[in-house]
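> model this:
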Amino acid sequence: MNIGRLLTQAVMVLAMLGCHLPVATAQDVATEQSVRAAMVFNFLKFADFPGDGVGKPVLQLCVAARDARQAEALAALSGRRVGGRKLNVVEFTARSNDCQIFYVDSRQRWNAVAEQPALRQALTISEYPGFARDGGMIEIDVQNDGARFDINLAETKRAGLHFSPQMLRLARQIHE
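All right, here's what the predicted structure looks like:
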């Protein structure tokens, strides 16, 4: 079996087990949206944010997603703890500030907000193809044969974020 595929499957199992999303019905078990939400949560476990833990007991995840099911899956993460900090999930608006994590679902929305001051040091995550090349930090790709992610390491470093070596090893591609 391909080692990359085996690692991808292992990450997905860990993501699904580690996230502990609310109990799902038989209809919505392991939807793409819940897989992406689980991955987002697990990325946070392997990320060090600028000034981590200094006076900020809450991590804020701002969501700009038109897919109501994706927004709902991410909202289910609200209240969870990451490294001793509570995760707060909010809808992103033009007046949003203090976003430590930003999830966006389309190139159009990303292009409209990428230069917002609130996102300068935010961990940016998306599902749209090409996000890492467009200046985003983590691009999630969920397919029938598993889930993968790419990392834009240059943007991550620019924002003062760091990922654990374990996470970097699991990335499908790292853009530098």
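
> got any ranges where the chain has weak pLDDT?
Filtered on pLDDT under 70, the chain yields the residue ranges 1-30, 51-55.

> which residue ranges form the strands in it?
Assigned by DSSP state E, the chain shows strands spanning 47-48, 58-64, 81-82, 85-91, 101-104, 123-126, 138-143, 146-152, 162-163, 173-175.

> From the contact counts, what lies against the third one?
When contacts are defined as 3 or more Cβ pairs under 8 Å, 6 or more residues apart in numbering; DSSP states H and E, strand 81-82 packs onto helix 32-45. (Each C-beta comes from the backbone N, C-alpha and C, glycine too.)

> And the residue nearest the centre of this protein?
With distances taken as Cα atoms, centre = their mean, the residue of the chain nearest its centroid is V40 (3.2 Å).

> Just give the nearest non-adjacent residue to that residue, would you?
I125 (5.8 Å; Cβ to Cβ, 6 or more residues apart in numbering).

> So the one you found is in contact with M137, correct?
Yes. At 6.8 Å, I125 counts as touching M137 under the criterion of Cβ atoms under 8 Å.

> The two: which is more packed in?
Legend: neighbour count by other Cβ atoms under 10 Å for I125 and M137, higher for M137 (28 against 25).

> my guess is the more buried one meets F149, correct?
No. Using Cβ under 8 Å, M137 makes no contact with F149, being 10.0 Å away.

> Return the residues in contact with Q121.
Applying Cβ atoms under 8 Å, 6 or more residues apart in numbering to Q121 gives the contacts 49-50, 100, 159-161.

> From M137, how far out is it?
Remark: distance between Q121 and M137 (Cβ to Cβ, to the nearest Å) = 11 Å.

> okay, and the common contacts of those two?
Taking Cβ under 8 Å, 6+ apart as the criterion, Q121 and M137 both touch 159, 161.

> how far is stretch 145-158 from where the chain is centred?
Remark: stretch 145-158 is offset 10 Å from the chain centroid, using Cα atoms, centre = their mean, to the nearest Å.
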